[in-house]
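K.L.:
sequence? don't have it. structure:
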């Protein structure tokens, strides 16, 4: 008999070699119906796998992230099987679960479009209704290569050849078999046929390499309940309405051009918002004890070799030659900050030294990944580098977290925190990484901040805390980050004089709050759906004369508003006032001052608010002061 410990600490006795699903049934029939997999002694298992030793069992449902992954990974296999049934000469790429759904890549002669999705979806529903058992099969590496080669699955062969494993795991359902680590649901019928939806077709390079074949990618999503799918599709529709590219064009904020793919152009309205964001950033950083710097965009190869970017980040960099030497356009601001620190002489009394930069960086992103302002090739990072004593680590990280909280509260964001650990490509020994990771964990624990471990997603020079913002419709975006670095100071030979009179290496923090200013701007557009708060709005007040004879008075009101640094316009067009009001609403202008004979006589304005509509006649100075107060408070 096996002794199985459950999540609540209780134990049950089970027969050896029992299937996971049978073990779950002994706990609860209701839980069995909801289960999609299990964790046993920390390893993720499918419901048809067997238990052969004592251990800890945790049942996984769709509510768990691992549960969604199992469910949607199975859905991606059903998608691949459907495409193989419907089209000839299909060669499979990969088909993982992703956040909110799944995709699968295909190499086939037919050119897929969104018009094919309905037929593929129907075939998927048919496969689900067939309730095909999903069986895990294990092959010797050479046998797996032979099998997939005979099937014409060249991409699967390539993947297997790159694996170090001697045995290869596959999953079979009916006539379909796929290379996969699993786990999966026990049968195709476990996927709800009414809660699966294919969303779009896109192109994707094999293994993300633009020098390799372009495959056709189908995106989809699936849920345990139809109501969950309906809610998700409603969110997608709302997201389309909030698309920053659409709103950016409507509000004349920015544009993108074929002459510079991935290099955005900001229009006057967009520059007003960017300048407000940077002014706020500067004031808050000055209050928090930061000194602002500016470093060059182009620096020589030797610097990037010293920093490690030449070795670890070269494929994302742009290069040029100057006076017969190699140079790079900077992809990050860090090395420039190192040189500024190295230019000075510091003692332990001078630390922490906090230096900040709104630095323009350039990174080579694949053309297929470019997306409005969300993914661009040049952007402004609101970097800061903090040079500190080892004993200042905790307090400095706490100070950064407080500053992050201040910023995100102003913009109305909730957020969650992830701790990202050592990546595959990393500098430095394991003990330094462990020391840095433990330091970040200690601060988060002491501040009572819940966090999730994001294995292997740290920077190549250190672990990091990432802040994921939640927008108005529940989507999350990674923006702020705090990276703890024990390595870069050593590579650049940075020193300070300690109390003992000897040279020591400072510890470093790299951190951003906006992340990329352009991407944060896009996020704000979608978060607010273009209805920017008053302090950010390009035009804060528009004055609307009812007739031509009122224009002169309106221009004077506009001047008085501008004297108080309120951004104002007069709509003097020969149009009816109701038309002007509708136009102002479309342009998301927060306040409208309507002026006619009565308002000129009384010194009032007929006030309209974007949010509240008609607010009646108000004293001009009273309204002006109220607007000023709201701008000042960033309401």
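P.N.:
Happy to help now that I have it. Just so we're clear, the structure is a prediction, and the values are computed from it rather than from any experiment.

K.L.:
count of neighbours near residue 493?
P.N.:
11 (other CB atoms under 10 Å). Every residue, glycine included, has its C-beta placed from N, CA and C.

K.L.:
so which strand or helix has it?
P.N.:
Taking DSSP states H and E as the definition, residue 493 sits outside all helices and strands.

K.L.:
residue contacts, the residue lying closest to it once chain neighbours are set aside?
P.N.:
Excluding its sequence neighbours, the residue lying closest to residue 493 (CB to CB, 6 or more residues apart in numbering) is residue 342, at 7.4 Å. Applying CB atoms under 8 Å, 6 or more residues apart in numbering to residue 342 gives the contacts 492, 493, 494.

K.L.:
any idea how far residue 342 is from residue 97?
P.N.:
46 Å (CB to CB, to the nearest Å).

K.L.:
same thing with residue 372?
P.N.:
25 Å.

K.L.:
so which bits of stretch 221-239 are buried?
P.N.:
By neighbour count on 16 or more other CB atoms under 10 Å, the buried set for stretch 221-239 is 221, 222, 223, 224, 229, 232.

K.L.:
oh, that last question was meant for stretch 313-329, not what I typed.
P.N.:
Buried, per 16+ other CB under 10 Å, within stretch 313-329: 313, 317, 327, 328, 329.

K.L.:
any idea how far that stretch is from the chain center?
P.N.:
Distance of stretch 313-329 from its chain centroid, counting by CA atoms, centre = their mean, to the nearest Å, is 28 Å.

K.L.:
just stretch 58-69 next, same as before
P.N.:
On CA atoms, centre = their mean, the centre of stretch 58-69 falls 22 Å from the chain's centre.

K.L.:
host element of residue 511?
P.N.:
Secondary structure (DSSP H and E) places residue 511 in strand 507-516.

K.L.:
same check, this time on residue 249
P.N.:
helix 244-250.

K.L.:
what are the contacting residues of that helix?
P.N.:
240, 253-256, 270, 372-374, 521-523, 525-526, 529-530, 586.

K.L.:
give the other helices and strands that the next helix or strand along the chain from that helix contacts.
P.N.:
The first helix or strand that comes after helix 244-250 along the chain, using DSSP H and E, is strand 254-255. Applying 3 or more CB pairs under 8 Å, 6 or more residues apart in numbering; DSSP states H and E, one finds that strand 254-255 contacts helix 244-250, strand 265-266.

K.L.:
pick the most buried one from these.
P.N.:
helix 244-250 (a mean of 18; mean count of other CB atoms under 10 Å).

K.L.:
mean confidence for that one?
P.N.:
Averaging pLDDT along helix 244-250 gives 96.

K.L.:
now it: how far from the chain's centre is it?
P.N.:
Worked out by CA atoms, centre = their mean, helix 244-250 lies 20 Å from the chain centre.

K.L.:
what's the answer for stretch 196-209, then?
P.N.:
With CA atoms, centre = their mean as the basis, the mean position of stretch 196-209 lies at 18 Å from the chain mean.

K.L.:
and it, what's buried?
P.N.:
So stretch 196-209, judged by 16+ other CB under 10 Å, has buried residues 196, 197, 198, 199, 201, 204, 205, 206, 207.

K.L.:
now stretch 272-292
P.N.:
272, 273, 274, 276, 277, 280, 281, 285, 290.

K.L.:
which of the residues you listed fall in helices?
P.N.:
Applying DSSP state H to the buried residues of stretch 272-292, the entries found in helices are 272, 273, 274, 276, 277, 280, 281, 285.

K.L.:
and of the buried residues of stretch 221-239, the nearest to residue 392?
P.N.:
Comparing these against residue 392 with CB to CB picks out residue 232 as the nearest, at 45.3 Å.

K.L.:
for that closest one, which non-adjacent residue is spatially closest?
P.N.:
residue 221 (6.3 Å).

K.L.:
which residues touch the one you found?
P.N.:
The contact partners of residue 221, taken as CB under 8 Å, 6+ apart, are 72, 100, 101, 102, 196, 197, 199, 229, 232.

K.L.:
how much space separates the fourth one from residue 188?
P.N.:
When distances are taken as CB to CB, residue 102 and residue 188 turn out to be 14 Å apart.

K.L.:
one more: the second one?
P.N.:
Between residue 100 and residue 188 the distance is 21 Å, computed by CB to CB.

K.L.:
the more surrounded of these two?
P.N.:
Higher neighbour count among residue 100 and residue 188: residue 188, with 26 against 15, using other CB under 10 Å.

K.L.:
for the closest residue to that one other than its chain neighbours, grab the count of nearby residues.
P.N.:
The shortest distance from residue 188 to any non-neighbouring residue, by CB to CB, 6+ apart, is to residue 132 (4.6 Å). If you count neighbours by other CB under 10 Å, residue 132 ends up with 18.

K.L.:
for residue 132, give its distance to residue 22.
P.N.:
In terms of CB to CB, residue 132 sits 21 Å off from residue 22.

K.L.:
end to end on stretch 442-455, go ahead and measure it.
P.N.:
Taking CA to CA, to the nearest Å, stretch 442-455 runs 17 Å from one end to the other.

K.L.:
hang on, I meant stretch 385-400
P.N.:
11 Å.

K.L.:
can you give me the strands in the stretch 201-350 of the chain?
P.N.:
All strands of the stretch 201-350 of the chain, identified by DSSP state E, counting those that start in this stretch, fall at 214-222, 254-255, 265-266, 291-292, 298-300, 318-322, 325-329.
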